[in-house]
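> okay, here's the prediction I keep looking at, along with the sequence it came from:
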Amino acid sequence: MLVIQDLHVYYGAIRALDGISLTVNEGEIVTMIGANGAGKSTTIRTISVLVRPRSGAAMFEGKALHTLPAHEIVTLGVSQSPEGRRVFANMSVRENLELGAYVHHKKKAQIQEDMDKAFALFPRLKERENQSAGTLSGGEQQMLAIGRALMSRPRLLLLDEPSLGLAPFLVQTIFQIIQDINKTGVTILLVEQNANQALRVAHRGYVLETGRVVLADTAQNLLSNDSVRQAYLGE
Amino acid sequence: MQEFVQNLIYGVETGAIYALIALGYTMVYGVLRLINFAHGDVYMIGAFVGFFACTQWLPFKDLSQHPEAATLNVLLAIVTLFLAMLICALLGIVIERFAYRPLRNGFRNADAHFWGFVAALPLTAFVGAMTTTKRQGAFLAVGVIVGFALRPAMAYLSKKIKPSSSRLNALITAIGVSLVLENGGINVFGADPKFIPDILPKRQISLLGIEFDSSRVVILIVAAVLMATLRYIVLYTRPGKAMRAISHDIDAAKLMGINTDRVIAFTFALGASLAGAGGFMVAAFTNIKVVPLFGLQPGLKAFVAAVLGGAGNIPGAALGGLIMGVVESLVASKYPQWRDAVAFILLIVILLVRPAGLLGKNTAEKV
């Protein structure tokens, strides 16, 4: 479904990605784990064309993403819940969700249906429907960011650090919901610092270090891999 | 007391015009974090569109000879208002497309084309000055040829220009665009002052001993209607919501599938049309002379108004404009020599006391 080939990305003179290659198959949850600055977010930002690669390619169902303008990526069926949530703080929860369905603006019935689905998935958002997103707690904002990303009906959902800064019980909930979303047929590429949790829900995983993939295996094998356990699971 | 109220009314009316211009500054600042210093010159173009429409393009009648034509003139004035807004909106889109967008996204071939022709303009103007004015068609031909010849050179040069997110580059470009419009205006329209004749029936309104001109009321009403329309567009329409989204977080907006370039162009068109409306109204109703530097002072003051209200904040710009107008009018009634200085004193004070502006929020990061 998603094939990334030998991606090199620079921020000015600083090299962020040094030849990343990975694949995500339809129906999978694939996770990227690694320390700060390993290039996880940059990879996801490159898929959404918020940055352009110096060389390499990102292909979604055979179409090159890296040559398209950013707004066309969503139309193809790839959406992202970015790191730090990035909700529109000055708008209401409802308006945020509506913006998530920006590319479907003519299908009023579909938007309402998807919004009901989002509220069913995150009942807390329903309670806060007309509240401005800036007043939500961190966990609620994370739910909103994921709900918003689902509003475009993606077939591939990119999740960047969905558990960052959340209370432990909320982390459990979020990972449960990620699995639920996956079961509805949405393929997921998950970036996480919480390697332990991420590997428990994922089918496969990639370990990134300084802009390269250093290890790629099934999630189960990675969980029992000694060097992964030492470096990322704190054992 | 009466004099005070009278000055207050003048102040509110001047303020309404400042607000119309300031809205364009603040909206563009909101989406691009760019102070579009060419905005005041768009206001000037609005005044010139009004001048040409009133004197040449449209069949306005001289009211002193045809008093019965008042209704016709009012209708034509409304047409002129929309014409000024439309032409300025197009100008706003052209400025964004060819000056600011290449800086943001890199040059494309169409940009090289455009700038090839712009570079050819002074050359042809020079050729024009050297020969007799009878051969204007020939100059135009020369201009087209030179523009075409310059295109490859521009394309070559433009390859050297890397897209940049530097705000300083954008700011300098804005000043450049402003200079092109001002001096281009001198070249095309001439530097001699022009006046829009009285096109609307004027009446002195007398209310509780306060006297003011009916055209002041017209300016106020039109400005209020335009601002209400803008408010509706920004709050409730799809491009308006996209604008707010971009203004808050442009990357997040892209992730929603918003075509940011198109919405930015829309923002320029919206702001420029308001400035155009203001330019036409001021030129038509206050007997002020229309010159290519017409937008310089009001543009600067509207910029101060935008900062006063909080750059990027739309209600703030309207409020800032009103405050500026009223303060200026009240100060000018007692100390006329301080009329222009007070705007910039206000700017210094607000930057010292509340740099985010009256309605602006201090952007403290939530962690």
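Structure received. Fair warning: this is a prediction, and the values are worked out from it, not measured in the lab.
> surely B:Pro201 touches B:Lys61?
No: using C-beta atoms under 8 Å, B:Pro201 makes no contact with B:Lys61, being 11.6 Å away. For glycine as for every other residue, the C-beta is placed from the backbone atoms N, C-alpha and C.
> joint contacts of these two?
B:Asn73 (C-beta atoms under 8 Å, 6 or more residues apart in numbering or on different chains).
> tell me the secondary structure at A:Ile20.
Using DSSP: H, G, I helix; E, B strand; the rest coil, the three-state assignment for A:Ile20 comes out as strand.
> what sits closest to it if chain neighbours are left out?
In this structure, A:Ile20 finds its nearest non-sequential neighbour in A:Leu7, 4.5 Å apart by C-beta to C-beta, 6 or more residues apart in numbering or on different chains.
> can I get the CA coordinates of the stretch of helix or strand that neighbour belongs to in CSV?
Per DSSP states H and E: A:Leu7 is located in strand A:2-11. The C-alpha coordinates for strand A:2-11 follow below in CSV (Å, rounded to 0.1, in the frame of the first residue of the first chain):
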residue,chain,number,x,y,z
LEU,A,2,2.7,2.5,1.0
VAL,A,3,6.2,2.0,-0.2
ILE,A,4,9.0,4.3,0.9
GLN,A,5,12.3,4.0,-1.0
ASP,A,6,15.6,5.4,0.0
LEU,A,7,14.3,8.7,1.4
HIS,A,8,16.9,11.4,2.0
VAL,A,9,15.6,14.6,3.6
TYR,A,10,17.5,17.7,4.7
TYR,A,11,16.4,20.7,6.8
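> paired strands for that strand, with orientation please.
When pairing is defined by DSSP bridges, strand A:2-11 lines up against strand A:14-24 (antiparallel), strand A:55-60 (antiparallel).
> please produce CSV containing those, extended by mean pLDDT and mean neighbour count.
Shown next, in CSV, are the strands paired with strand A:2-11 (pLDDT from 0 to 100; neighbours: other C-beta atoms under 10 Å in any protein chain shown):
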stretch, mean pLDDT, mean neighbour count
strand A:14-24, 94, 19
strand A:55-60, 95, 18
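> now the ones you listed in TSV, with distance to B:Ile250?
What follows is these, written out as TSV (distance: least, C-beta to C-beta, whole Å):
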stretch	distance to B:Ile250
strand A:14-24	20
strand A:55-60	21
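> quick one, which of these is nearest to B:Ile314?
Nearest to B:Ile314, of all those, is strand A:14-24, at 36.3 Å by C-beta to C-beta.
> any idea how far the residue in chain A positioned nearest to chain B lies from B:Ala19?
Of all residues in chain A, A:Val74 sits closest to chain B, at 3.2 Å by C-beta to the nearest C-beta. As judged by C-beta to C-beta, to the nearest Å, A:Val74 and B:Ala19 stand 36 Å apart.
> ok, these two, which is more surrounded?
For A:Val74 versus B:Ala19, neighbours defined as other C-beta atoms under 10 Å in any protein chain shown are more numerous around B:Ala19 (30 against 25).
> the nearest residue to the more buried one once chain neighbours are set aside in helix, strand or coil?
Closest residue to B:Ala19 apart from its sequence neighbours, by C-beta to C-beta, 6+ apart: B:Gly321 at 2.8 Å. Here B:Gly321 is recorded as helix under three-state DSSP.
> I'd say B:Gly321 and B:Ala305 touch.
Yes: applying C-beta under 8 Å, one finds B:Gly321 in contact with B:Ala305, separated by 4.3 Å.
> which SS class is residue 83?
Looking at chain A here, since you left the chain open. Following three-state DSSP, A:Glu83 is assigned to coil.
> actually, chain B is the one I wanted.
From three-state DSSP, the assignment for B:Leu83 is helix.
> quick check: it vs B:Asn105, distance?
Using C-beta to C-beta, one obtains 31 Å as the distance from B:Leu83 to B:Asn105.
> give me the more crowded residue out of these two.
Per other C-beta under 10 Å, whichever of B:Leu83 and B:Asn105 has more neighbours is B:Leu83, with 20 against 12.
> would you mind listing where the stretch 251-367 of chain B has pLDDT under the threshold?
Across the stretch 251-367 of chain B, residues meeting the criterion (pLDDT under 70) sit at B:362-367.
> what is the burial count for the residue of it found nearest chain A?
Evaluated by C-beta to the nearest C-beta, the stretch 251-367 of chain B has B:Gly257 as its residue closest to chain A, separated by 3.2 Å. Around B:Gly257 there are 23 other residues, counting by other C-beta under 10 Å.
> could you measure from it over to A:Lys40?
23 Å.
> how near is A:Asp18 to A:Leu7?
Taking C-beta to C-beta as the measure, A:Asp18 and A:Leu7 are separated by 9 Å.
> chain B contacts on chain A?
With C-beta under 8 Å from any C-beta of the partner chain as the criterion, chain A comes near chain B at residues A:48-50, A:69-75, A:79-80, A:82, A:86-91, A:95, A:98-100, A:102-103, A:105, A:148-149, A:152.
> tell me which residues in whichever strand or helix holds B:Ala149 are buried?
Element membership of B:Ala149 [criterion: DSSP H and E] is helix B:136-160. In terms of neighbour count (16 or more other C-beta atoms under 10 Å in any protein chain shown), helix B:136-160 has its buried residues at B:Phe139, B:Val142, B:Gly143, B:Val146, B:Gly147, B:Leu150, B:Arg151, B:Met154, B:Ala155, B:Ser158.
> confidence-wise, which of those residues comes last?
pLDDT across the buried residues of helix B:136-160 is lowest for B:Phe139, at 68.
> the closest residue to chain A within the stretch 101-250 of chain B: how many residues sit nearby?
Residue nearest to chain A within the stretch 101-250 of chain B: B:His248 (5.0 Å; C-beta to the nearest C-beta). By other C-beta under 10 Å, the residues close to B:His248 number 20.
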